[in-house]
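> All I have is the shape, not the residue letters:
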């Protein structure tokens, strides 16, 4: 009688252990599935992060090139403006020289006229 009770208890313990093992296995499989899903999400996030970094590098390079081009245009315009100012300055200098020559000619003509008038009056 005691032996059959021990066998019954042993069988119950084996069934309990099998049930616990099955439950533990199911939990382990569920956790493994969650881990795989999290790794997949992490990999996707890492790929997205790298894509954003690459996009940032490309944007930075494009903006740097645009800035350099704008600075080149500004420099060219500044140089053109300086050349234009130099050209206008040269024209102004030439105009002043022509005016001075014209004034000198006018003074010479007035003197010549005065000398002729004085000679004809004498």
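All right, it came through fine. It should be emphasised that the depicted structure is a prediction, and the values quoted were computed from it without experimental measurement.

> now the helices: where do they sit in the chain?
Assigned by DSSP state H, the chain shows helices spanning 2-121.

> low pLDDT regions in it?
In the predicted model, the chain carries no residue with pLDDT under 70.

> can you rerun that using 90?
Along the chain, the parts satisfying pLDDT under 90 run over 1-26, 81-86, 118-122.

> what about residue 110, neighbour count?
Here the number of neighbours of residue 110 (other Cβ atoms under 10 Å) works out to 10. For every residue, glycine as well, the C-beta is placed using N, CA and C.

> Could you report the distance from it to residue 103?
To residue 103, residue 110 is 10 Å away according to Cβ to Cβ, to the nearest Å.

> do residue 59 as well
The gap separating residue 59 from residue 103 is 65 Å, by Cβ to Cβ.

> Equivalent analysis for residue 4, please.
145 Å.

> got it, and residue 67?
53 Å.

> ok, now residue 21?
Taking Cβ to Cβ, one finds residue 21 at 120 Å from residue 103.

> repeat for residue 119
With Cβ to Cβ as the criterion, residue 119 and residue 103 are 24 Å apart.

> Also residue 35?
100 Å.

> what's the answer for residue 79, then?
36 Å.

> try residue 45
85 Å.

> Could you do residue 71 as well?
47 Å.

> One more: residue 64?
For residue 64, the distance to residue 103 - Cβ to Cβ - is 58 Å.

> same check, this time on residue 90
20 Å.

> do residue 73 as well
Residue 73 is 44 Å from residue 103, by Cβ to Cβ.

> Also residue 46?
According to Cβ to Cβ, residue 46 and residue 103 sit 84 Å apart.

> and what of residue 76?
40 Å.

> Can you give me the neighbour number for residue 36?
Applying other Cβ under 10 Å, we find 10 residues neighbouring residue 36.

> With the one 4 residues further on instead?
Taking other Cβ under 10 Å as the neighbour definition, residue 40 ends up with a count of 10.

> For the remainder of this discussion, apply numbering that starts at 46.
New numbering, starting at 46: the last item is residue 85.

> wait, what's in contact with it?
With contact taken as Cβ atoms under 8 Å, 6 or more residues apart in numbering, residue 85 is in contact with no other residue.
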